[in-house]
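Undergrad: Here is my input, please return the structure:
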Amino acid sequence: MASQDWFDKDFYKVLGVSKDVSEADLKKAYRKLARQYHPDSNPDPSAEARFKEISEAHAVLADKEQRKEYDQIRAMGSGARFSAPGAGASGGGFEDVFGGMFGQQAGGRGRRTAGFGSGQPQYSQGGFEDILGGMFGNGGFGQSTGGYRGYGAPTKGRDVTATTTIDFLTAVQGDVVRLQDSDGRPLTVRVPAGVSDGQKIRLAGKGEPSGDGGASGDIILTVHVRPHPVFERDGLNLRVNVPVTFPRPRSARPSRCPRSAATRCG
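TA: The predicted structure is shown next:
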């Protein structure tokens, strides 16, 4: 996200919280609004835009470092405007913005600053990264990767982990399982036939939304299988232990095995 956006957007107002809101109350407010405006449950055409705005605000304020930078930028006042200078021009750039704010003057290839304890102006060849780095402790401005502090592609939302337990027969035959995510949204998961205990299923795009317009994260679902009182899985085979009396092996009659809906014994 560009720094100008942080000047213009009041993320606290978007989430309806105060500037000293705690992490727990921030999360509570976000979840309430996310449930209200999620496009899957709100047919209003404007809900999607509102949901993205809510997710964007939460992504910044929930991150301690980003929240600190955001508060510092907002404290500078919304009157400053960032714009890229044109070729050969000296106006409209970062140097002019900060020159006006801190008594500096833009000029030539470097920027001129007032030298403390010196009668001569000092020049620095660094770019605006030096200015912002000095103000915010090198807090990530000028990074080349995505997200709010960089200039690359939007970042993907975070993955969410979940677990479910199914019975033995469902694991053998496969079935559709209905669950709920942490926000109470219904989820339909197709469990494949032959799933094993501890196997993970990835639900693409069902995790947390991206805060800057990127793809949503995934849900990583771990499946646990309840033990069966008779049958036991051995790789792709089913095993069963049948008690046999001593005379039985000598007879020609076959032993009776328990049967399941998915197997035959004889």
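
Undergrad: For the rest of this, base every contact and every neighbour count on C-alpha atoms.
TA: Will do.

Undergrad: can I have stretch 187-200 written out in CSV, keeping just the CAs?
TA: What follows is stretch 187-200 as a C-alpha-only set of coordinates in CSV (Å, rounded to 0.1, in the frame of the first residue of the first chain):
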residue,chain,number,x,y,z
LEU,A,187,-18.2,-25.3,4.7
THR,A,188,-18.7,-28.3,2.6
VAL,A,189,-15.8,-30.7,2.4
ARG,A,190,-15.6,-33.8,0.1
VAL,A,191,-13.6,-36.5,1.9
PRO,A,192,-12.1,-38.9,-0.6
ALA,A,193,-12.5,-42.6,-0.3
GLY,A,194,-9.6,-44.3,1.5
VAL,A,195,-8.6,-41.2,3.5
SER,A,196,-6.2,-42.2,6.3
ASP,A,197,-6.0,-41.0,9.9
GLY,A,198,-4.0,-37.8,10.1
GLN,A,199,-4.3,-37.0,6.4
LYS,A,200,-4.6,-33.3,5.4
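
Undergrad: avg pLDDT for that stretch?
TA: Averaging pLDDT along stretch 187-200 yields 83.

Undergrad: ok, now stretch 206-225?
TA: The model assigns stretch 206-225 a mean pLDDT of 83.

Undergrad: For it, give me every contacting residue.
TA: 1, 52, 55-60, 147-148, 153-168, 171, 195-205 (CA atoms under 8 Å, 6 or more residues apart in numbering).

Undergrad: Repeat the analysis, applying 7 Å as the threshold.
TA: 55-56, 59, 147-148, 154-168, 171, 197-205 (CA atoms under 7 Å, 6 or more residues apart in numbering).

Undergrad: Report the buried residues of it.
TA: 206-213, 215-225 (16 or more other CA atoms under 10 Å).

Undergrad: could you show me where the helices are in the stretch 101-250 of the chain, in order?
TA: 128-136, 168-173 (DSSP state H, counting those that start in this stretch).

Undergrad: For the shortest one, give the mean pLDDT please.
TA: On average, the pLDDT along helix 168-173 is 83.

Undergrad: Who are the packing partners of that helix?
TA: Contact partners of helix 168-173 among helices and strands, from 3 or more CA pairs under 7 Å, 6 or more residues apart in numbering; DSSP states H and E: none.

Undergrad: and it, which residues are buried?
TA: Result for helix 168-173 [16+ other CA under 10 Å]: buried residues 168-172.

Undergrad: Let me know the closest of those residues to Arg185.
TA: Thr170 (23.2 Å; CA to CA).

Undergrad: which SSE is the residue lying closest to Gly211 once chain neighbours are set aside in?
TA: Using CA to CA, 6 or more residues apart in numbering and skipping residues adjacent in sequence, the residue nearest Gly211 is Glu56, 4.0 Å away. Assessed by DSSP states H and E, Glu56 sits inside helix 47-61.

Undergrad: Downstream of that helix, the next helix or strand is which one?
TA: Criterion used, DSSP H and E; the element after helix 47-61 is helix 64-75.

Undergrad: So for that next one, what gets flagged as buried?
TA: 66-67, 69-70, 73-74.

Undergrad: Now distance to Glu232 and pLDDT too, for these, in JSON lines please.
TA: Output for those, formatted as JSON lines (distance: CA to CA, whole Å; pLDDT from 0 to 100):
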{"residue": "Gln66", "distance to Glu232": "52", "pLDDT": "87"}
{"residue": "Arg67", "distance to Glu232": "53", "pLDDT": "89"}
{"residue": "Glu69", "distance to Glu232": "57", "pLDDT": "85"}
{"residue": "Tyr70", "distance to Glu232": "57", "pLDDT": "83"}
{"residue": "Ile73", "distance to Glu232": "62", "pLDDT": "77"}
{"residue": "Arg74", "distance to Glu232": "62", "pLDDT": "76"}
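
Undergrad: Show me just the buried residues among the contacts of stretch 206-225.
TA: If we count by 16+ other CA under 10 Å, the contacts of stretch 206-225 have these buried: 55-56, 59, 147-148, 154-160, 166, 168, 171, 197, 200-203, 205.

Undergrad: biggest separation within the buried residues of helix 168-173, which pair?
TA: Longest span within those, CA to CA: Phe168 and Val172, 6.4 Å.

Undergrad: what's the burial count for Gly235?
TA: 9 (other CA atoms under 10 Å).
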